[in-house]
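A.B. asks: following is a predicted model, sequence given first.
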Amino acid sequence: MRHKTIVAAALLLTIAGAAPRMRAASAVDGLWDAIIVSGETDIPFRFEIATRGADAQGFFFEGDRKIGSTSGSFADGVLKFEYDFLNTTLELKANGDQLIGVYRSNRPNARPQDVRMRRFAPIPSGSENPPQVNGTWEMRRVAEEVTAPRDTRTWQVFLRQSGAEVAGSILRVDGDTGTLVGGWRGGKLVLSHFAGERPNLFEAEPNSDGTLAVTLNGNAHYLVVRSSEARAKGIPEPPDPSRYTSVKDPTTPLQFAFPEVMTGKTISNTDPQFRGKVVIFAIGGSWCPNCHDEAPFLAELYRDYHARGLEIVGVMFENDPDPKVYRPRVQSFIKRYNLQYPMLYAGTTSPTPTSKTIAEALPQIVNFGAYPTSIYLGRDGRVRSVHAGFASPATGEEHTRLKQELRELTEKLLAESVQSSAPAGRP
């Protein structure tokens with residue numbers, strides 16, 4: 001770890017002026033093949049730069065979708081991109097025909113990560129006849145690496161293949177990896193993802209029985225089996241996200257009282273705005289990748305059903321208790337997705353002397369283990385369903401299926417009267 005810190009420090013010195021300067025910002029416009037160092041592993045990703053005079057914008061890719069910086073500049077040979085919604089900064093400088101630099105969180109004491117880029121070069125289409133992996137798979141950690149109960153959980157893997165090129169995602173109960181992209185290279189399937197967050201490297205080799213031997217991020221090993229064969233091969237069912245988290249007593253209304261993020265005004269379950277309404281109690285955080293995936297869907301539900309009696313409350317657990325840190329991040333989150341419902345500050349993800357964790361702030365919840373987790377309340381204020389995690393667009397048909405399921409649940413709850421709204425047992 002000390003070695004990585006020294007390398008990052010050296011790159012910062014390079015950015016300060018040791019490397020050759022770019023003659024013009026426009027010289028770096030276009031696509032780049034990039035690497036970010038995560039731990040001891042190089043994670044490939046695609047990046048795009050667009051400049052206009054002293055202004056610049058840097059784009060990550062989430063599948064085919066571009067994720068642009070909120071601001072950027074080119075000055076003294078240095079490209080600097082700010083991602084306010086991630087609270088991160090990327091700085092780059094030319095080094096010969098490459099760009100080198102660092103990507104860092106703006107949180108106190110965060111370690112910068114080394115980044116290097118070279119001009120994008122399409123991979124030639126090979127003549128190999130690659131194995132076909134299109135479809136739904138399930139993966140589980142190899143037995144000799146199981147050290148905790150979470151290591152025994154089954155994950156889902158969704159793969160889409162066209163020729164030698166493959167894209168997909170790994171879905172855990174607490175969320176997914178984003179869109180992994182890549183393909184078959186020399187008999188090995190290599191996929192990766194980095195879009196400002198969630199760095200992952202997926203390397204797979206086919207076994208003779210049709211399964212895949214997978215290495216994740218260079219050091220964790222998994223057996224990956226087609227879902228249709230998983231039970232026969234001893235792989236247990238993946239956790240059900242609609243049953244993973246529950247509440248102690250579903251006959252009791254969910255109680256909450258937290259300050260609104262920007263104004264500090266306390267909003268509680270007893271406020272008139274929630275009386276007789278269906279409420280989605282959306283637990284998340286501005287730091288949480290799958291919360292960013294879920295937010296457009298919640299905004300869509302609010303737009304479509306608010307007039308019929310739907311209320312949504314965003315309940316944020318941030319990773320820093322300082323309002324000067326979390327307020328700008330949450331404000332950026334709200335602006336990015338044009339969220340019209342209230343966002344409350346409920347505490348932090350880890351214990352601090354001045355804030356509560358989720359177990360302290362929401363003691364009615366049982367087995368919380370995923371950001372986001374959305375709790376659906378009937379018109380009587382009682383819990384009707386709890387959904388842990390969120391399958392992002394990277395999961396393809398699973399994302400579509402989940403949105404339809406939650407939309408149907410919302411419509412069902414809206415159709416009920418206060419008198420007929422009754423808890424359905426364990427969510």
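C.D. replies: Thanks, I have the structure now. Numbers count the residues shown, from 1 in each chain.

A.B. asks: so what are the sheet partners of the lengthiest strand in the chain and their directions?
C.D. replies: Among all segments of the chain classified by DSSP state E, the strand with the greatest residue count is strand 41-52. Within its sheet, and counting by DSSP bridges, strand 41-52 is paired with strand 30-38 (antiparallel), strand 55-62 (antiparallel).

A.B. asks: which parts of that strand are buried?
C.D. replies: Within strand 41-52, the residues scored as buried using 16 or more other Cβ atoms under 10 Å are 41, 43-51. For glycine as for every other residue, the C-beta is placed from the backbone atoms N, C-alpha and C.

A.B. asks: and what of stretch 112-124?
C.D. replies: Those would be 112-117, for stretch 112-124 by 16+ other Cβ under 10 Å.

A.B. asks: can you flag which of the residues you listed belong to strands?
C.D. replies: Per DSSP E, the subset of those in strands is 113-117.

A.B. asks: and these as CSV, adding pLDDT and distance to L201?
C.D. replies: Output for those, formatted as CSV (pLDDT from 0 to 100; distance: Cβ to Cβ, whole Å):
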residue, pLDDT, distance to L201
Q113, 97, 14
D114, 98, 15
V115, 98, 15
R116, 98, 16
M117, 98, 17
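
A.B. asks: now the residues you listed as JSON lines including distance to T245?
C.D. replies: Listed next are these as JSON lines, based on distance: Cβ to Cβ, whole Å:
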{"residue": "Q113", "distance to T245": "32"}
{"residue": "D114", "distance to T245": "37"}
{"residue": "V115", "distance to T245": "36"}
{"residue": "R116", "distance to T245": "41"}
{"residue": "M117", "distance to T245": "41"}
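
A.B. asks: what is the neighbour count of the nearest residue to G284 once chain neighbours are set aside?
C.D. replies: Counting by Cβ to Cβ, 6 or more residues apart in numbering, G284 lies nearest to C291, which is 3.6 Å off, once chain neighbours are set aside. Using other Cβ atoms under 10 Å, C291 has 24 neighbouring residues.

A.B. asks: kindly report the same for T154.
C.D. replies: 18.

A.B. asks: that older thread, nearest to T348 among the ones in strands among the buried residues of stretch 112-124?
C.D. replies: Taking Cβ to Cβ as the measure, T348 sits nearest to Q113 out of these, at 23.3 Å.

A.B. asks: contact partners of the longest strand of the chain?
C.D. replies: 25-26, 28-37, 56-61, 66, 74, 79, 117, 120, 181-182, 192-195, 199-201, 217-219 (Cβ atoms under 8 Å, 6 or more residues apart in numbering).

A.B. asks: which parts of this structure are helices?
C.D. replies: Residue ranges of the helices in the chain, as given by DSSP state H, are 2-13, 227-230, 289-305, 323-337, 358-361, 397-415.
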